[in-house]
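1. quick one: sequence plus predicted model below, questions after.
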Amino acid sequence: SQTIHQWPATLVQPVGSPLSLECTVEGTSNPNLYWYRQAAGRGLQLLFYSVGIGQISSEVPQNLSASRPQDRQFILSSKKLLLSDSGFYLCAWSLLAGGSNEQFFGPGTRLTVL
Amino acid sequence: EDQVTQSPEALRLQEGESSSLNCSYTVSGLRGLFWYRQDPGKGPEFLFTLYSAGEEKEKERLKATLTKKESFLHITAPKPEDSATYLCAVQANYGQNFVFGPGTRLSVLP
């Protein structure tokens, strides 16, 4: 069966510090991968998605970047964090196969920027 | 632009009191509509995918239905463990991304 991992689970960082969040998927090949941010009490905002190694699409201009160095690894980064980067970050995967392409989410990373 | 709205924003039910959550959507060609359950501090848990108007899916006390403009999540005789935020999302035919609604926060009181 497929599983998705995210780490760290919780992170407190000062403004201006760098960021690296990692997501890995097990039990599947060539998944579509997604990074979302969820502000308190709000819906999910799509940040990036990737359909393959090195292929990244950005949905909103921001202080963040994403990379996909391996088929099942997706990394979210920032060179200098802003207060507005605080939130709950979720990684998800999906497969486009036979029309069944629902997303499956990881446990999330709670980021607090002080 | 693809959009998803959900109502009500919050819903409080007594245990056993059935109700429905609404998801209204605007999309240029629907590939799929998805329902998720999210518990506090956790990632969303997949519930259902609906592909075409008239389709229905059931799981335990939950039933999801789909029309050309909206979807309903019906909750029959809910229990306190059904308390969660329920998210609706759509995916258009033309792209790989998903658009999520803001969610409905459901509380079921014993």
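-> Everything's here; your move.
2. going on from the least confident helix or strand in chain B by mean pLDDT, what's the next piece of helix or strand?
-> For chain B, counting by mean pLDDT, DSSP states H and E, strand B:98-100 ranks last in confidence among helices and strands (a mean of 90). Downstream of strand B:98-100, the next assigned helix or strand under DSSP states H and E is strand B:104-109.
3. helices or strands up against that next one?
-> Taking 3 or more C-beta pairs under 8 Å, 6 or more residues apart in numbering or on different chains; DSSP states H and E as the contact definition, the neighbouring helices and strands of strand B:104-109 are strand B:10-14, strand B:84-92. The C-beta positions use only the backbone N, C-alpha and C, and glycine is treated the same way.
4. make CSV out of those and add mean neighbour count, mean pLDDT and distance to A:Leu76.
-> What follows is the helices and strands packed on strand B:104-109, written out as CSV (neighbours: other C-beta atoms under 10 Å in any protein chain shown; pLDDT from 0 to 100; distance: least, C-beta to C-beta, whole Å):
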stretch, mean neighbour count, mean pLDDT, distance to A:Leu76
strand B:10-14, 14, 98, 30
strand B:84-92, 23, 94, 20
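5. closest one to chain A among the ones you listed?
-> Across those, the minimum distance to chain A, taken as C-beta to the nearest C-beta, is reached by strand B:84-92, at 6.9 Å.
6. what residues are up against the residue of chain B found nearest chain A?
-> Sorted by distance to chain A under C-beta to the nearest C-beta, the residues of chain B start with B:Gly43, at 3.6 Å. Contact criterion C-beta atoms under 8 Å, 6 or more residues apart in numbering or on different chains gives A:Leu90, A:Ala92, A:Phe105, A:Gly106, A:Pro107, A:Gly108 as the residues in contact with B:Gly43.
7. separation between the closest residue to it other than its chain neighbours and A:Leu47?
-> If you skip the residues right next to it in sequence, B:Gly43 has A:Phe105 as its closest partner in space, 3.6 Å away by C-beta to C-beta, 6 or more residues apart in numbering or on different chains. Using C-beta to C-beta, to the nearest Å, one obtains 14 Å as the distance from A:Phe105 to A:Leu47.
8. and residue 8, how many residues sit next to it?
-> Going with chain A. By the measure other C-beta atoms under 10 Å in any protein chain shown, the count of residues near A:Pro8 is 11.
9. ah, no, chain B please
-> Applying other C-beta under 10 Å, I find that B:Pro8 has 12 neighbouring residues.
10. bridging residues for the closest residue in space to it that isn't next to it in sequence?
-> Ranked by C-beta to C-beta, 6+ apart and with sequence neighbours excluded, the top spatial neighbour of B:Pro8 is B:Thr104, at 6.1 Å. Beta-bridge pairing for B:Thr104 (DSSP bridges): B:Tyr86.
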